[in-house]
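In: Quick one, structure for this:
(one chain, ligands or ions: 1)
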Amino acid sequence: MNGIEKVSAFLDEAQVYYLATVEGDQPRVRPFGTALVHNGRLYIQTGKVKPVSKQLAVNPKAEICAFSGGKWLRVAGELVNDDDRAVKVVMLEKMPSLKSMYDPDDGNMQMLYFKNAVATFSSFTAAPETINL
Ligand SMILES: Cc1cc2nc3c(=O)[nH]c(=O)nc-3n(C[C@H](O)[C@H](O)[C@H](O)COP(=O)(O)O)c2cc1C
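Out: Next comes the predicted model:
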């Protein structure tokens, strides 16, 4: 498993991560679950109508945090919109439960990938491990 696959596998195992964005000088955070590695990029999925999407359009800086099995992962960087239809299709195949809410052609489904991002695995027992995405 390479670095980005390790990050994606950890997010899948944790099932839930928390996505922080910024709105002016106010941090915003919410639970997310979507994660996908496609063409060497780590993607997440949301809806363009959501406040989280609007915050990222103004300021792409974001950080996610997940905890599982005594370890926690943080990925900090920028989230970039990708309107490529193919990646939406792959996301819906990976997480079919999304199909009741999203369609690649609904004008709402949004895929975002991490750019200039650093993933860090931490625990109380080992030195942090850093992966550049
Ligand atoms: C376990 C869990 C996983 C979630 N995963 C996602 C997700 O991957 N993408 C998404 O857009 N919303 C997801 N949601 C819903 C968002 O947390 C919710 O829509 C939130 O209000 C979005 O933030 P906002 O209101 O600041 O836009 C999830 C909610 C839960 C409880």
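In: Just give the nearest non-adjacent residue to Tyr17, would you?
Out: Ala66 (3.7 Å; Cβ to Cβ, 6 or more residues apart in numbering). All C-beta spots, glycine's among them, are computed from the backbone N, C-alpha and C.
In: my read: that neighbour touches Leu19, true?
Out: No: counting by Cβ atoms under 8 Å, Ala66 does not reach Leu19; the two are 10.0 Å apart.
In: Tell me the bridge partners for the residue nearest the centre of the chain.
Out: Centrality entry for the chain: nearest residue to the mean C-alpha point is Ile44, 3.7 Å, by Cα atoms, centre = their mean. Here Ile44 sits in beta bridges with Leu112, as judged by DSSP bridges.
In: which residues are contacting stretch 110-130?
Out: The contact list for stretch 110-130 (Cβ atoms under 8 Å, 6 or more residues apart in numbering) reads 3-4, 7, 10, 36, 41-48, 53, 56, 60, 62, 70-84, 87-88, 91, 131-133.
In: Over to stretch 30-44?
Out: Taking Cβ under 8 Å, 6+ apart as the rule, stretch 30-44 contacts 4-5, 7-8, 11-12, 15-19, 45-46, 52, 64, 75, 79, 82, 87, 90-91, 94-95, 98, 111-114, 117, 133.
In: Okay, and which of the residues you listed map to strands?
Out: Judged by DSSP state E, the contacts of stretch 30-44 include 17-19, 45-46, 64, 75, 79, 82, 111-114, 117 as members of strands.
In: How about the residues of this protein by the ligand?
Out: When proximity is defined as Cβ under 6 Å from any ligand atom, the chain approaches the ligand at 16, 28, 30-34, 45-47, 50-52.
In: Same list (the residues you listed) but as JSON lines, adding pLDDT and neighbour count.
Out: Formatted as JSON lines, the residues of the chain next to the ligand follow (pLDDT from 0 to 100; neighbours: other Cβ atoms under 10 Å):
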{"residue": "Val16", "pLDDT": "98", "neighbour count": "11"}
{"residue": "Arg28", "pLDDT": "98", "neighbour count": "14"}
{"residue": "Arg30", "pLDDT": "98", "neighbour count": "12"}
{"residue": "Pro31", "pLDDT": "99", "neighbour count": "9"}
{"residue": "Phe32", "pLDDT": "98", "neighbour count": "17"}
{"residue": "Gly33", "pLDDT": "98", "neighbour count": "16"}
{"residue": "Thr34", "pLDDT": "98", "neighbour count": "18"}
{"residue": "Gln45", "pLDDT": "99", "neighbour count": "21"}
{"residue": "Thr46", "pLDDT": "98", "neighbour count": "21"}
{"residue": "Gly47", "pLDDT": "98", "neighbour count": "14"}
{"residue": "Lys50", "pLDDT": "98", "neighbour count": "13"}
{"residue": "Pro51", "pLDDT": "98", "neighbour count": "12"}
{"residue": "Val52", "pLDDT": "99", "neighbour count": "23"}
